[in-house]
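> Would you be able to build a 3D model of this:
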Amino acid sequence: MSTRDTMLNIARRAILYRAALDGYAAEDYDPVEDPEGYVISLLIGLHHWNHAHGSDWKAELTRAQELFEEDLCEEQEDEGSPPKERPTCAESATKRAADKVFTIVCESEWPEEPAAWPKDAILSVLEELRQPETLKEPADASASEQS
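Model prediction:
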């Protein structure tokens with residue numbers, strides 16, 4: 001079973017479980033159509049969960065989006081379609097920023113432990129990240145190639 005199939009099964013079960021809390025029998029509720037809006041209810045529940053337990057909701061959503069995109073790329077690779085027919089799997093801005101920070105730190109002469117870095121090291125990394133060419137979106141790059 002693929003990651004996608006597993007995630008779809010988890011989602012279907014969660015929707016049906018939420019419907020059951022309102023008295024629906026599993027065979028009486030269509031999780032694909034979701035007429036009662038239980039997907040939204042589940043998202044609200046997850047948001048409450050993160051808030052109650054001190055998790056960063058936006059960071060969780062960002063990471064979920066990154067993993068979702070990775071799953072889509074893996075699914076496309078598993079289908080064996082030729083690369084030119086496959087849509088490009090874009091990296092997220094968060095991943096590109098993290099990769100850039102890693103590169104800056106690795107190319108520096110700073111000690112391995114962040115606690116031992118010079119006081120202005122983090123500011124220097126952030127300033128470098130602010131440069132427009134640092135985090136260009138893939139769409140921007142393809143638009144400039146077409147001109």
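> Could you point out which residue ranges in the chain have low pLDDT?
Applying pLDDT under 70 to the chain flags the ranges 80-102, 104-105, 110-147.
> per-domain residue ranges of it.
Following the assignment in automatic domain parsing, the chain carries domains at 1-86, 91-137.
> which one's the longest helix in this protein?
helix 57-79 (DSSP state H).
> Show me what counts as buried in that helix.
By 16 or more other CB atoms under 10 Å, the buried positions in helix 57-79 come out as Cys73. In short, each C-beta sits where N, CA and C put it, glycine included.
> Please apply the same query to stretch 40-53.
Within stretch 40-53, the residues that qualify as buried are 41-42, 46, 50, counting by 16+ other CB under 10 Å.
> Okay, and which of those map to helices?
Among these, DSSP H puts 41-42, 46, 50 in helices.
> among those residues, which two are most distant?
Longest distance between any two of these is 15.3 Å, between Ser41 and Asn50; criterion CB to CB.
> if we take the ones in helices among the buried residues of stretch 40-53, which one ends up nearest to Trp57?
Of all these, Trp57 sits closest to Asn50, with 4.6 Å by CB to CB.
> Could I get the contacting residues of the residue nearest to the closest one when sequence neighbours are not counted?
Nearest non-adjacent residue to Asn50, counting by CB to CB, 6 or more residues apart in numbering: Trp57, 4.6 Å away. When contacts are counted by CB atoms under 8 Å, 6 or more residues apart in numbering, Trp57 touches 47, 50-51.
> Pipe those into a markdown table and attach distance to Ser2 per row.
Supplementary listing: these in a markdown table, determined by distance: CB to CB, whole Å:
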| residue | distance to Ser2 |
| --- | --- |
| His47 | 27 |
| Asn50 | 27 |
| His51 | 32 |
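> Among the residues you listed, which one sits closest to Ala64?
Asn50 (11.4 Å).
> where's the closest one relative to Tyr38, distance?
From Asn50 over to Tyr38 the distance is 19 Å, taken as CB to CB, to the nearest Å.
> just Thr3 next, same as before
According to CB to CB, Thr3 stands 23 Å off from Tyr38.
> More neighbours: which of the two?
Tyr38 (22 against 15; other CB atoms under 10 Å).
> my read: that one touches Arg18, true?
Yes: Tyr38 lies in contact with Arg18 (CB atoms under 8 Å); the separation is 4.2 Å.
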